[in-house]
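1. model this:
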Amino acid sequence: MKETNEQDNLSGFFVKSVILHIAIFLLFSVQAVFFPSEPISLDGAIRVDMVALPDKLPDVPKPQAKAPEPEPKKESPKPKPAPKPEPKPDLKAIAKKKAINLQKQKKTREDALKRLRALQKIEEEQEQKEQEAAKQVFKGNQISKGSQLSGIQKLQYDDYLARLESHIKSFWSIPAWMANLDLRAEISVRISPEGYVISKKITKASGNKSYDDQVVATIERASPFPRPSEKFRDILANEGFRLGFPE
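-> Below you'll find the predicted structure:
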């Protein structure tokens with residue numbers, strides 16, 4: 001009785017399975033006939049070729065790990081040097097320097113006084129000579145006004161004549177054959193307040209006319225001369241000065 005029930009259950013299960021498979025088959029058949037699916041496009045497919053792999057891959061050296069770089073040592077800040085104490089002023093050296101400066105100033109004043117006394121002495125001697133000369137009687141030409149200068153004016157006049165002579169001699173030039181003759185000449189020149197020649201005359205001839213002409217030509221080339229000071233203009237315009245060549 002029990003075996004009959006089991007056979008009936010198995011037969012029923014089998015029948016149900018067959019019916020289920022037939023239903024599924026029919027379902028797919030109907031779908032394929034009445035509801036066909038869109039064809040699958042293979043245009044965008046990617047082709048993959050299979051390449052044989054090597055039997056054994058080469059041993060690739062493993063990258064060695066770099067040793068960590070040592071961190072730079074931090075330099076400890078250098079201690080700032082202590083400020084040097086300012087030197088104390090040397091009072092002795094300062095006092096000595098002042099004393100030296102005072103001595104120099106004193107010496108300078110003494111030298112100035114000596115020069116002043118020397119000029120005063122020259123003026124006194126010149127005045128005495130003029131007084132003695134005034135007592136004498138001169139014949140012929142009068143004494144040149146230039147000789148009446150004294151003291152500082154006399155020194156200034158002599159200084160101007162020296163500059164005048166240097167200016168004129170810078171224009172003096174003669175041939176070598178003439179210089180070897182050892183000739184001498186003297187010329188008298190009067191100049192205007194502006195330094196131009198008023199007159200020129202050979203007072204002592206050399207005996208060689210060419211040489212004397214060179215003396216006169218030198219005076220003409222050197223004009224105009226340095227302008228004389230106002231206090232000497234009358235002397236140079238009226239009395240003039242004399243100059244020797246080649247001295």
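2. mind listing the helices for the protein?
-> 2-34, 91-134, 151-169, 176-179, 209-222, 233-238 (DSSP state H).
3. now do the phi/psi pair for Arg184.
-> phi -140, psi 140 (degrees, to the nearest 10).
4. got the contact list for the closest residue to it other than its chain neighbours?
-> Nearest residue to Arg184, sequence neighbours excluded (CB to CB, 6 or more residues apart in numbering): Ser206, at 5.7 Å. The C-beta positions use only the backbone N, C-alpha and C, and glycine is treated the same way. Ser206 is in contact with 183-185, 212, 215, counting by CB atoms under 8 Å, 6 or more residues apart in numbering.
5. Asp111: which of those residues is nearest?
-> Arg184 (40.8 Å; CB to CB).
6. per-residue confidence at Gln126?
-> The model reports Gln126 with a pLDDT of 64.
7. and for the one 4 residues further on?
-> pLDDT recorded at Glu130 is 58.
8. then Lys121?
-> 73.
9. number of residues surrounding it?
-> A count of neighbours around Lys121, defined by other CB atoms under 10 Å, yields 11.
10. and what of Phe13?
-> 10.
11. one more: the one 5 residues further on?
-> Using other CB under 10 Å, Val18 has 10 other residues around it.
12. Lys209 too?
-> Lys209: 10 neighbours (other CB under 10 Å).
13. equivalent analysis for the one 5 residues further on, please.
-> Gln214: 20 surrounding residues under other CB under 10 Å.
14. that one against Leu183, yeah?
-> No - counting by CB atoms under 8 Å, Gln214 stays clear of Leu183, with 9.5 Å between them.
15. list the residues that contact Glu165.
-> Leu243.
16. and it, how far is that from Val189?
-> 11 Å (CB to CB, to the nearest Å).
17. which neighbours do these two share?
-> Joint contacts of Glu165 and Val189 (CB under 8 Å, 6+ apart) are Leu243.
18. ok so, going back, now do the phi/psi pair for the residue nearest to Arg184.
-> Per degrees, to the nearest 10, the backbone of Ser206 is at phi -90, psi -10.
19. ranking by neighbours, what's the top pick from the contacts of Ser206?
-> Busiest of the contacts of Ser206 [other CB under 10 Å] is Val215, holding 23 neighbours.
20. and that one, how far is that from Glu165?
-> Taking CB to CB, one finds Val215 at 13 Å from Glu165.
21. again, but for Ser150
-> Taking CB to CB, one finds Ser150 at 22 Å from Glu165.
22. over to Lys16?
-> Counting by CB to CB, the gap from Lys16 to Glu165 is 163 Å.
23. over to Ile122?
-> 22 Å.
24. ok, Phe225 next?
-> 10 Å.
25. same check on Glu186?
-> For Glu186 relative to Glu165 (CB to CB), the value is 13 Å.
26. go on, Val197?
-> Val197 is 15 Å from Glu165, by CB to CB.
27. for burial, what's the neighbour tally of Phe245?
-> That count, for Phe245 with other CB under 10 Å as the rule, works out to 22.
28. kindly report the same for Ala179.
-> 12.
29. leaving out chain neighbours, which residue sits closest to it?
-> Pro246 (7.5 Å).
30. test my guess that that neighbour contacts Ile168.
-> No - the pair Pro246 / Ile168 is not scored as a contact, 11.5 Å apart, by CB under 8 Å.
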